[in-house]
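>>> Below are the sequence and a predicted model for it; my questions follow.
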Amino acid sequence: MEFITTSALTKKYGPTLAVDEISLRVEEGEMYGFLGLNGAGKTTLIRMLLGMIRPDGGEVRLFGQKVNRSFNAWNQVGYLVETPYAYPNLSVLENLKVYYHLRQLKDPGLIDRIIEKLKLNPYRYKKAAQLSLGNQQRLGLAKALMHEPKLLILDEPMNGLDPEGIVEVRQLLRELVSTGSTVFLSSHLLSEMAKVASRVAIIHQGRLVKEISTHDLAKQLIQKVLVDTRDNPRAVAYLAEAGTEASLNSEQEIEILDEKAIRNPEMITKLLAEKGLPPRQVYTFTEDLESYFLHTIKP
Ligand SMILES: Nc1ncnc2c1ncn2[C@@H]1O[C@H](COP(=O)(O)OP(=O)(O)OP(=O)(O)O)[C@@H](O)[C@H]1O
């Protein structure tokens with residue numbers, strides 16, 4: 001079953017076409033990524049999915065039902081859009097209680113379970129306004145998830161989280177999908193999307209420019225290993241002798257595009273260490289959305 005269907009969905013702000021005839025289909029059980037640079041139109045589309053703003057053209061259907069005033073399945077939808085906290089002067093617990101009552105929920109255990117799940121226990125009595133951005137984001141996610149919706153619509157859910165928080169939210173989203181939820185999430189971070197979503201729509205200036213499986217997207221991304229030693233020209237020569245093509249980039253770092261090295265960068269470390277040039281730094285680089293646009297989408 002299609003959980004989200006948009007048909008030629010359009011929104012204008014004056015002369016700006018924020019969303020320009022976007023048609024999408026999200027199937028039940030998918031983790032669907034909505035990827036675009038800042039200002040691409042992600043938030044505008046999400047607001048239309050949630051019935052927060054009216055389209056100027058086209059329509060939205062959730063679970064096959066048209067989103068309008070008589071749409072009656074909001075209890076099956078959880079969402080997080082931009083500023084996550086609603087009541088800055090209330091504590092985390094009070095915020096969740098308000099939300100519990102607003103949603104007319106009937107299972108008091110839900111609040112404790114969601115606090116546990118989002119690791120908000122240490123901040124239970126802290127005012128929302130005093131939380132770090134990452135914990136505000138967790139509180140927003142707690143609200144989105146508390147009523148155990150079938151469909152989650154999340155605008156940049158990784159925003160403000162530290163690397164550890166990103167890994168936790170990533171795991172949480174995967175867990176939700178593995179237990180049958182459907183997730184639609186937006187991001188400007190291509191590498192993050194490639195890790196979580198199964199399919200990705202790429203939008204640019206309001207238009208859908210590509211819909212691609214993350215498996216195929218990963219194959220199209222430029223990856224390389226960057227290495228720094230105390231004598232990079234000599235290291236490049238050693239690598240060439242060993243059959244690994246390498247070159248110096250404009251920063252005079254060693255750049256290796258070889259697939260084997262990308263899969264196993266330790267082999268480079270080992271080889272150079274044996275030649276007396278142990279690397280000071282070895283890291284794998286995966287291009288970002290701007291760079292991907294440059295070689296695929298922009299003419
Ligand atoms: N209320 C509004 N009034 C006028 N223009 C708007 C409004 N909301 C959005 N826009 C414009 O519409 C375009 C799309 O904005 P939108 O916020 O949807 O993009 P986004 O992809 O979510 O970007 P960001 O990640 O920066 O929020 C932008 O050019 C933005 O300036």
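Now that the structure is in, tell me what you want to look at.
>>> Next, work out how far apart residue 108 and residue 145 are.
Noted for residue 108: a distance of 16 Å to residue 145, by C-beta to C-beta, to the nearest Å. Quick note: C-beta positions are derived from backbone N, CA and C, even for glycine.
>>> quick one, which of those two is more surrounded?
Remark: of residue 108 and residue 145, residue 145 carries more neighbours, 21 against 9, as counted by other C-beta atoms under 10 Å.
>>> Now that one: closest residue in space, sequence neighbours ignored.
Using C-beta to C-beta, 6 or more residues apart in numbering and skipping the chain neighbours, the partner closest in space to residue 145 is residue 78 (5.6 Å).
>>> Go ahead and confirm that neighbour touches residue 144.
Yes. Between residue 78 and residue 144 a contact is recorded at 3.9 Å, counting by C-beta atoms under 8 Å.
>>> hey, what's in contact with both of those two?
Taking C-beta atoms under 8 Å, 6 or more residues apart in numbering as the criterion, residue 78 and residue 144 both touch residue 152.
>>> tell me the strands in the protein, going along the chain?
Taking DSSP state E, the strands of the chain run over residues 2-13, 16-27, 31-35, 57-62, 65-66, 77-80, 151-155, 182-187, 199-204, 207-213, 223-228, 247-248, 254-256, 281-286.
>>> what's the pLDDT at the residue in the stretch 51-200 of the chain that the ligand sits nearest to?
The ligand sits closest to residue 188 of the stretch 51-200 of the chain, with a gap of 6.0 Å, by C-beta to the nearest ligand atom. Per-residue confidence (pLDDT) for residue 188: 90.
>>> Next: residue 222.
In this model, residue 222 is scored at 86, pLDDT.
>>> so what's residue 150 up against?
Per C-beta under 8 Å, 6+ apart, neighbours of residue 150: 3, 28, 63, 76, 77, 180, 181, 182.
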